[in-house]
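*Asks:* Predicted structure and sequence below. I'll ask about it afterward.
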Amino acid sequence: MKKKLSVLFAILLILTACGKTDDESSKESVKETSLETGKETTKESINETESEEEMMDLALYYILDMDNEFTLVREIHQLKKTDQVAKAAMEELISGKILTDKAIRPLPEHTKIHSINIKDGKAIIDFDKNVLDHAAGSSVEAESIQAIVNTITEFDNVKEVEFWVDGSKEKADNWWGHVGLHDLKLTRNLDRVWTPAIWLTHPKNGDQVSNKLRMVGSSMTFESTVGYTVKDKNGNILAEDTFTATGGDGMRRLFDISIDLKDPSHEEGTLEVYGISGKDGSPTDKVTVNIRFK
């Protein structure tokens, strides 16, 4: 009797195993492999199933301590792409990693953003009350305000900025005690942005350009002179010249020019932009962008 029961039990086990679907067997197999190989296999499985997240570049402004003279520095931070770009920029300004040595963030790290509303060219940034908890001297306060304004006016649809605290404009009027915001119009000003000396907003790394290349950017160079060299990957010079940047006021200038290119011998190349030394005429503060030719 015992022998018969043993045989029947064995038959049932075989039938149960055969009745499993491929999918069920597969799940067990993955489970076992994951337990055996640990984190590495789990990571590979996630990488196979999840698509790469899109990233975006954001320009942020911080205060730079240059031996007790405070100026501004412009940094490019790469973040996950989002529809709330302005809010992402402000939150990165508050808590993101600063890339420049001796740079200071313009807002307390525990500050929260309630909202950013943009209408008719004006951005109203509503902070929580923690924004007022900032012991800054008068010079740092002025630079901090401008750093915030310059960051949010990087977006073309923002020309003016207004600060609110907990839903009230009046609560922001005294700000940190040195610079009153009562009737102050907050607009973009790059005069105190001393670092970097040159930056480009167009073209960007990896952009495809035509034989009439448009170059847009900002410079703080000797006598406002800017030089450029366009080369293909084979080292052939497609364009090279200098010009005087005339846009903007003060020491920092803006430029937006078109450059006629010779035919490239390779589809890839570089655009180099630089200042000219007043001492020996050599290139200074060079910026290099990788480009592709149509």
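*Replies:* Cool, the structure landed. Computed from a predicted structure; not experimentally measured.
*Asks:* and V216, what is it in contact with?
*Replies:* Contact criterion C-beta atoms under 8 Å, 6 or more residues apart in numbering gives L200, T201, H202, F255, D256 as the residues in contact with V216. (C-beta placed from N, C-alpha, C; glycine too.)
*Asks:* same check, this time on K122
*Replies:* V158, K159, E160, V161, E162.
*Asks:* Return the distance of S139 relative to A123.
*Replies:* Distance, S139 to A123, by C-beta to C-beta, to the nearest Å: 25 Å.
*Asks:* Which one's more surrounded, the two?
*Replies:* Taking neighbours as other C-beta atoms under 10 Å, S139 and A123 compare with A123 leading, 22 against 14.
*Asks:* Find the residue closest to that one in space, skipping its chain neighbours.
*Replies:* With C-beta to C-beta, 6 or more residues apart in numbering as the criterion, A123 has its nearest non-adjacent residue at 4.6 Å, and that residue is V158.
*Asks:* tell me the contacts of the one you found?
*Replies:* For V158, the contact set (C-beta under 8 Å, 6+ apart) comprises A86, I118, G121, K122, A123, I152.
*Asks:* if you set the cut-off to 10 Å instead, what comes out?
*Replies:* By C-beta atoms under 10 Å, 6 or more residues apart in numbering, the residues touching V158 are A86, I116, I118, G121, K122, A123, V149, T151, I152, T187, R188.
*Asks:* Of the contacts of V216, which is the nearest to G180?
*Replies:* T201 (32.7 Å; C-beta to C-beta).
*Asks:* can you tell me the helix or strand for that closest one?
*Replies:* Taking DSSP states H and E as the criterion, T201 maps to strand 198-202.
*Asks:* Look at the residue lying closest to T244 once chain neighbours are set aside and say how many residues are nearby.
*Replies:* Across the structure, with C-beta to C-beta, 6+ apart as the measure, the residue nearest T244 apart from its sequence neighbours is S224 (5.2 Å). For S224, the neighbour count with other C-beta under 10 Å is 18.
*Asks:* hang on, S224 packs against G275?
*Replies:* Yes: counting by C-beta atoms under 10 Å, a contact exists between S224 and G275, whose distance comes to 9.2 Å.
*Asks:* Find the residues that touch each one of the two.
*Replies:* A245.
*Asks:* so what's the closest residue to S144 other than its chain neighbours up against?
*Replies:* Taking C-beta to C-beta, 6+ apart as the measure, S144 lies nearest to P106, with 3.7 Å between them; neighbours along the chain are not counted. Going by C-beta under 10 Å, 6+ apart, P106 touches 60-63, 72, 93-94, 134, 136, 140-141, 143-151.
*Asks:* Okay, now stretch 214-223: how far is its last residue from its first?
*Replies:* In stretch 214-223, first residue to last residue: 22 Å (C-alpha to C-alpha, to the nearest Å).
*Asks:* How about it, which residues are buried there?
*Replies:* When neighbours are counted by 16 or more other C-beta atoms under 10 Å, the buried residues of stretch 214-223 are found to be M215, G217, S218, S219, M220, T221.
*Asks:* Please identify the helix or strand for G235.
*Replies:* Here G235 sits in a region with no helix or strand, counting by DSSP H and E.
*Asks:* Quick one: neighbours of it, just the number.
*Replies:* Counted with other C-beta under 10 Å, residues neighbouring G235 total 10.
*Asks:* mind listing the helices for the stretch 51-200 of the chain?
*Replies:* Taking DSSP state H, counting those that start in this stretch, the helices of the stretch 51-200 of the chain run over residues 85-95, 138-152.
*Asks:* avg pLDDT for stretch 261-270?
*Replies:* Averaging pLDDT along stretch 261-270 yields 98.
*Asks:* May I have it as PDB, with CA atoms only?
*Replies:* Only the C-alpha atoms of stretch 261-270 are listed here, as PDB (Å, rounded to 0.1, in the frame of the first residue of the first chain):
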ATOM      1  CA  LEU A 261      32.100  78.500 -43.500                       C
ATOM      2  CA  LYS A 262      34.200  76.800 -46.200                       C
ATOM      3  CA  ASP A 263      33.100  73.200 -47.100                       C
ATOM      4  CA  PRO A 264      34.300  70.700 -44.500                       C
ATOM      5  CA  SER A 265      36.200  67.500 -45.300                       C
ATOM      6  CA  HIS A 266      34.600  65.800 -42.300                       C
ATOM      7  CA  GLU A 267      31.100  65.900 -40.900                       C
ATOM      8  CA  GLU A 268      32.400  66.600 -37.400                       C
ATOM      9  CA  GLY A 269      34.400  69.600 -36.100                       C
ATOM     10  CA  THR A 270      34.900  72.200 -33.400                       C
END
